[in-house]
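Participant: need a structure here:
(one chain, ligands or ions: 2)
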Amino acid sequence: MLLEPAEVWAYLIERGLIPATASGAVREVGDGNMNRVFVAVPDDPDIPSVAVKQAPPWIQKLGPSAPMSPERALIEARALRTFAEYAPKQTPTILDVDETRFAFTMEDLSDLTVLRTALNEGAELGRTSAEVGELVGRVTFATSVAGADPRARAALITQSVNPLLAEVTLQYLLGDPFVEAEHNHHHPSLAGAVEKLRRDPAVRTELATLRAAFNSNAQALVHGDLHSGSVMVGVRDGEPVVRVIDPEFAMVGPIGLDLGLYVANVVIAAVRSRNTAHLASIADCWEAFCAAWREGWPDRVDPLLDDGWLVRELREVWRDTLGFAAVEMVRRVAGYSHASDLETLPDPGPASAIVLGLGHKLLADREICGSRPDPRALAHLVGTSWEAQQ
Ligand code: ADP
Ligand code: MG
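Facilitator: Ligands and ions are numbered 1, 2, ... in the order given. A predicted model of the protein is given here:
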């Protein structure tokens, strides 16, 4: 049964999530991309408001002509439960999962703002990048070969296979932007640069490497879609609050996918506003990620994993981070789904050219930022790219 706003109140009473006698209002808040999201606010301020997310058996934005398994809502709810176990601070509380209706109910986050929107309006990142890095670090350590024993990992991998959403990523992030494809589009001033990128053999080999990593590197549980539209930020009781939402693409995959998507979107926001503080926060994200791994490290489940392996593993994650960040940069200016950060500029051309150029450089040579994890070198590369354009 697909919920309509008028049915949500009775549904919440039926699920025991709101007292039968309560009255209140329901509004739809989802921006209608893949799924529907409703918020129910009781008139009695002592009864907490809640949010319901339901996956229809198609992509919400495109309708029944674009079928997509509604199971994704259950994958998302399961991932949120795992996130809540290891990173409760940054994860919305799940109150109910409805396996028959492919819906779940969670904490209402309407007092927060989607990070991309906040950044477009000129907000600073503050602690956001560190919080995201901490969440990725804690969840990935706990679900990696260092944090989870082989049986637990086998169970996690089995229950986290997400082939339909993985196909979406393979097509729209790691495929179409690099070839001529129906839904691609780009600013007319980028035509030459896009063609050059698509023909560059170094880019093609790097892309192939990233596709293979995406398909086969079962490093840890990843969010799978961790861009600035999947983070909500705000202030509660005078303290900054960060919540990571929407892990319907979750799977056991390369950790650099999550860090790369986040970093790329920070870079895009920085290029939009020429904000060097945004760039500096990339180091906050990486350092918080590493700190979470180092915190878990003394309790690792496999004593044969030695300190040398940890150094190698973190290097590998950083390499992947740069690679996935690069494909995300390309996708957001030459693929299907562009970034509003750039599209809402009076002329998206110059900023888009910078983002595309960075993506191309990083794909052609990931060592351009050195061979060791060095987020400051990446920040420097980005900063010089917009100085060069002035
Ligand atoms: P989709 O899978 O369709 O992309 P999202 O999980 O990104 O859905 O949610 C879509 C929008 O709904 C978000 O951008 C946010 O504005 C709003 N939203 C999502 N979860 C909540 C929540 N728990 N409370 C309030 N608003 C939410
Ligand atoms: Mg989504």
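Participant: P348 contacts H187, doesn't it?
Facilitator: Yes - the pair P348 / H187 is scored as a contact, 5.6 Å apart, by Cβ atoms under 8 Å. C-beta coordinates here come from the backbone N, C-alpha and C atoms, glycine included.
Participant: okay, now the domains of this structure?
Facilitator: Using automatic domain parsing, the domain parsing of the chain gives 1-108, 111-389.
Participant: A25: which element?
Facilitator: Per DSSP states H and E, A25 falls inside strand 24-28.
Participant: is any part of the helix or strand just after that strand close to ligand 2?
Facilitator: Per DSSP H and E, the first helix or strand lying C-terminal to strand 24-28 is strand 36-42. No - for strand 36-42, no contact with ligand 2 is found by Cβ under 5 Å from the ion; the gap never falls below 9.7 Å.
Participant: which residues touch L305?
Facilitator: For L305, the contact set (Cβ atoms under 8 Å, 6 or more residues apart in numbering) comprises V145, A146.
Participant: could you identify which of the domains of the chain is most buried?
Facilitator: Highest mean neighbour count among these (mean count of other Cβ atoms under 10 Å): domain 111-389, with a mean of 19.
Participant: for the protein, which residues are neighbours of ligand 1?
Facilitator: 29-31, 33-35, 37, 39, 51, 92, 106-110, 114, 245-246, 248 (Cβ under 6 Å from any ligand atom).
Participant: at 8 Å instead, please
Facilitator: Residues of the chain found near ligand 1 (Cβ under 8 Å from any ligand atom) are 29-37, 39, 51, 53, 55, 60, 76, 92, 106-110, 112, 114, 225, 229-230, 232, 243, 245-246, 248.
Participant: the most centrally placed residue in the chain: what's it in contact with?
Facilitator: By Cα atoms, centre = their mean, the mean C-alpha position of the chain lies nearest to L226, the distance being 0.6 Å. The neighbourhood of L226, defined by Cβ under 8 Å, 6+ apart, consists of V132, V136, V244, L257, D258, L259, L261, Y262.
Participant: near ligand 2, from these?
Facilitator: Okay, of the contacts of L226, nothing touches ligand 2 (Cβ under 5 Å from the ion).
Participant: can you put the residues you listed in a markdown table and add distance to A379 and secondary structure?
Facilitator: A markdown table is the format used below for the contacts of L226 (distance: Cβ to Cβ, whole Å; DSSP: H, G, I helix; E, B strand; the rest coil):
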| residue | distance to A379 | secondary structure |
| --- | --- | --- |
| V132 | 16 | helix |
| V136 | 18 | helix |
| V244 | 22 | strand |
| L257 | 21 | helix |
| D258 | 19 | helix |
| L259 | 14 | helix |
| L261 | 17 | helix |
| Y262 | 14 | helix |
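Participant: dump the strand holding A25 to PDB, restricted to CA.
Facilitator: The C-alpha trace of strand 24-28 is given here as PDB (Å, rounded to 0.1, in the frame of the first residue of the first chain):
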ATOM      1  CA  GLY A  24      -1.900  16.800  14.300                       C
ATOM      2  CA  ALA A  25      -0.800  17.500  10.700                       C
ATOM      3  CA  VAL A  26       1.100  15.700   8.000                       C
ATOM      4  CA  ARG A  27       3.200  17.200   5.300                       C
ATOM      5  CA  GLU A  28       5.300  15.800   2.500                       C
END
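Participant: show me what it is packed against.
Facilitator: For strand 24-28, the packing partners by 3 or more Cβ pairs under 8 Å, 6 or more residues apart in numbering; DSSP states H and E come out as helix 5-14, strand 36-42.
Participant: okay, helices next: where are they in the stretch 101-250 of the chain?
Facilitator: With DSSP state H, counting those that start in this stretch as the criterion, the stretch 101-250 of the chain has helices at 115-120, 128-142, 150-159, 163-172, 191-199, 201-216.
Participant: can you lay out those as a markdown table showing mean pLDDT and distance to M1?
Facilitator: Shown next, in a markdown table, are the helices of the stretch 101-250 of the chain (pLDDT from 0 to 100; distance: least, Cβ to Cβ, whole Å):
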| stretch | mean pLDDT | distance to M1 |
| --- | --- | --- |
| helix 115-120 | 98 | 31 |
| helix 128-142 | 98 | 32 |
| helix 150-159 | 97 | 25 |
| helix 163-172 | 96 | 22 |
| helix 191-199 | 98 | 44 |
| helix 201-216 | 98 | 35 |
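Participant: run the chain-centre distance for the lengthiest helix in the chain.
Facilitator: Looking across the chain with DSSP state H, the single longest helix is helix 307-334. Mean C-alpha position of helix 307-334 versus that of the full chain (Cα atoms, centre = their mean, to the nearest Å) differs by 14 Å.
Participant: just the angle for the strand holding A25 relative to helix 5-14, thanks.
Facilitator: Angle, strand 24-28 to helix 5-14, by axes from the mean of the first three to the mean of the last three Cα atoms, to 10 degrees: 120 degrees.
Participant: tell me how far strand 24-28 lies from the chain's centre.
Facilitator: The chain centroid and the centroid of strand 24-28 are separated by 27 Å, computed with Cα atoms, centre = their mean.
Participant: which residues touch that strand?
Facilitator: 5-6, 8-9, 18, 36-44, 47, 49.
Participant: now do 6 Å
Facilitator: Here strand 24-28 makes contact (Cβ atoms under 6 Å, 6 or more residues apart in numbering) with P5, V8, W9, F38, V39, A40, V41, P42, D43.
Participant: identify the residues contacting the residue in the stretch 151-300 of the chain positioned nearest to ligand 1.
Facilitator: In the stretch 151-300 of the chain, the residue that lies nearest ligand 1 is D246 (3.4 Å; Cβ to the nearest ligand atom). Contact analysis of D246 by Cβ under 6 Å, 6+ apart lists S230.
Participant: which regions of this structure sit below the pLDDT cut-off?
Facilitator: Confidence mapping of the chain against pLDDT under 70 gives the ranges 32.
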